[in-house]
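Participant: sequence unknown, structure follows:
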């Protein structure tokens, strides 16, 4: 009886210790206990899981077998049957699963490299990812790396985007930290690496919140911010103290775009005069201030109420496209936002989309907008976008110019915080008239 109580006490103490370890030091518990247990489970069940997800392949092998052949002779009809054993070579189909490499732990799960069987392609594993995730009782499984004859799967135990806490400011010029990626790393938008961005999403999907995060992150930096808000200025007017210029009507938009094109041409002439390929190779005392252009509801720039607006729309499309094509080398960057972005808005939108190498797609109400944002990059990213539920604002699919994509979520930035940042750093706002010289200007309302 005493021994039983002692064993029971040890078990209770061990269970309590494991619970406390997991509760107060979850990372070390995962690496010390959770991952080894999961690794054993993965190795033991891999063949069964691969077979259930139709990832196995039959391979023909030849085996030597002994066959028993009854021989009945005339003299032994009434006696026992004589059995003769003969060696035969038979062809046997053996089911083989993809070869599983060494599992490598991560903070949220693990990675594993697989060698493809003959006839397999990475798309086979993308289709089977959901089935593998259910078999192993994990949050998700994704194909994250593809090499000739090999793929790498990344399994995550939980959704890291349930709660996102971070600060958009990074302290680096033209770099903003708007949120987190699903791999647990910071989501960084570096305009020098990816200069132009398309940000689409339905109402309450997190599109405007991302714009708030960008403005809050850029406000303390020595850059000029320019806004286009054809919803009467209701979105960007509260940020006017930090905006060097703001257009709220179609006519103002045309004039401001003419300013921007003129500024790009001036910077082009400056680089040509000093033999520089871009503004970043100019001497620091000659380098112009970077300009980040925020466009809200880009569809309003391309819609026509009647034929009288056709000329203005054409000028707008041409000027915006020129800024996108030439802006990168001359430190003029675009962030184009919209609820509805489709090819029905005209060829100007499609041409503009081709210049926006950075893509952010939140939950959308129509497939055409998602296709416009990600359809030309990766079909798997498009499928992931369609799976974003409407009740998860801020969750989005982010794709860069390298073709890779990630599931991400922007940190929640209330409007009053973005407005306060605009007021706090109003003294850093470059004067637009001074910036563009003698070019006519559009000043935001005070």
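Facilitator: Cool, the structure landed. Since this is a predicted model, take the numbers as computed values, not measurements. Numbering: from 1, shown residues only.

Participant: any idea which element residue 48 lies in?
Facilitator: Using DSSP states H and E, residue 48 falls within helix 35-52.

Participant: identify the residues contacting that helix?
Facilitator: Residues outside helix 35-52 that contact it (C-beta atoms under 8 Å, 6 or more residues apart in numbering) are 56, 95, 97-98, 100, 103, 105, 110, 112, 131-132, 135-136. From N, CA and C alone the C-beta is placed, and that goes for glycine too.

Participant: and what of stretch 405-412?
Facilitator: Residues contacting stretch 405-412 (C-beta under 8 Å, 6+ apart): 161, 164-168, 178-183, 187, 206, 209-210, 213, 374, 377-378, 380-381, 384, 392, 394-399.

Participant: just the ones in strands from those residues, please.
Facilitator: The strands, defined by DSSP state E, take in 178, 179, 180, 181, 187, 395, 396, 397, 398, 399 from the contacts of stretch 405-412.

Participant: I'd like the distance between the fourth one and residue 404.
Facilitator: From residue 181 across to residue 404, the span is 11 Å (C-beta to C-beta, to the nearest Å).

Participant: hmm, back to that, tell me the mean pLDDT over the helix holding residue 48?
Facilitator: Here helix 35-52 scores 89 as its mean pLDDT.

Participant: what's the answer for stretch 344-362, then?
Facilitator: The average pLDDT for stretch 344-362 rounds to 85.

Participant: now do the buried residues in that stretch.
Facilitator: 345-346, 348-349, 352-353, 355-362 (16 or more other C-beta atoms under 10 Å).

Participant: for stretch 245-261, same thing?
Facilitator: For stretch 245-261, by 16+ other C-beta under 10 Å, it's 245-248, 250, 252-261.

Participant: can you check stretch 169-186 too?
Facilitator: 169, 170, 174, 175, 176, 177, 178, 179, 180, 181, 182, 183.

Participant: which of those residues sits closest to residue 436?
Facilitator: Closest approach between these and residue 436, by C-beta to C-beta: residue 174, at 19.8 Å.

Participant: so what's the closest residue to the closest one other than its chain neighbours up against?
Facilitator: What sits nearest to residue 174 in space, not counting adjacent residues and going by C-beta to C-beta, 6 or more residues apart in numbering, is residue 191, at 4.2 Å. Residue 191 makes contact with 174, 175, 290, 292, 333, according to C-beta under 8 Å, 6+ apart.

Participant: any chance of these in CSV, plus pLDDT?
Facilitator: Converted to CSV, the contacts of residue 191 look like this (pLDDT from 0 to 100):
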residue, pLDDT
174, 92
175, 93
290, 94
292, 95
333, 95
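
Participant: so for the residue nearest to residue 340 when sequence neighbours are not counted, what pLDDT did the model give?
Facilitator: Leaving aside its chain neighbours, residue 340 sits nearest to residue 299 (5.4 Å; criterion: C-beta to C-beta, 6+ apart). Per-residue confidence (pLDDT) for residue 299: 84.

Participant: how about residue 312?
Facilitator: For residue 312, the model assigns a pLDDT of 82.

Participant: quick check, it in a helix?
Facilitator: Yes: looking at residue 312 with DSSP: H, G, I helix; E, B strand; the rest coil, it is inside a helix.

Participant: any idea which of the buried residues of stretch 169-186 is closest to residue 270?
Facilitator: residue 174 (19.0 Å).

Participant: state the distance from that closest one to residue 294.
Facilitator: In this view, residue 174 and residue 294 are 14 Å apart by C-beta to C-beta.

Participant: one more: residue 217?
Facilitator: With C-beta to C-beta as the criterion, residue 217 and residue 294 are 12 Å apart.

Participant: cool, residue 156 as well?
Facilitator: For residue 156, the distance to residue 294 - C-beta to C-beta - is 33 Å.

Participant: one step back: and the contacts of helix 35-52, which two are the farthest apart?
Facilitator: Maximum distance among those (C-beta to C-beta): 29.3 Å, for 95 and 105.

Participant: please identify which of the two sits among more neighbours.
Facilitator: residue 105 (15 against 11; other C-beta atoms under 10 Å).

Participant: burial measure for the closest residue to the more buried one other than its chain neighbours, as a count.
Facilitator: In space, residue 105 comes closest to residue 35 once its chain neighbours are excluded; the distance is 4.4 Å by C-beta to C-beta, 6+ apart. Residue 35 is flanked by 18 other residues according to other C-beta under 10 Å.
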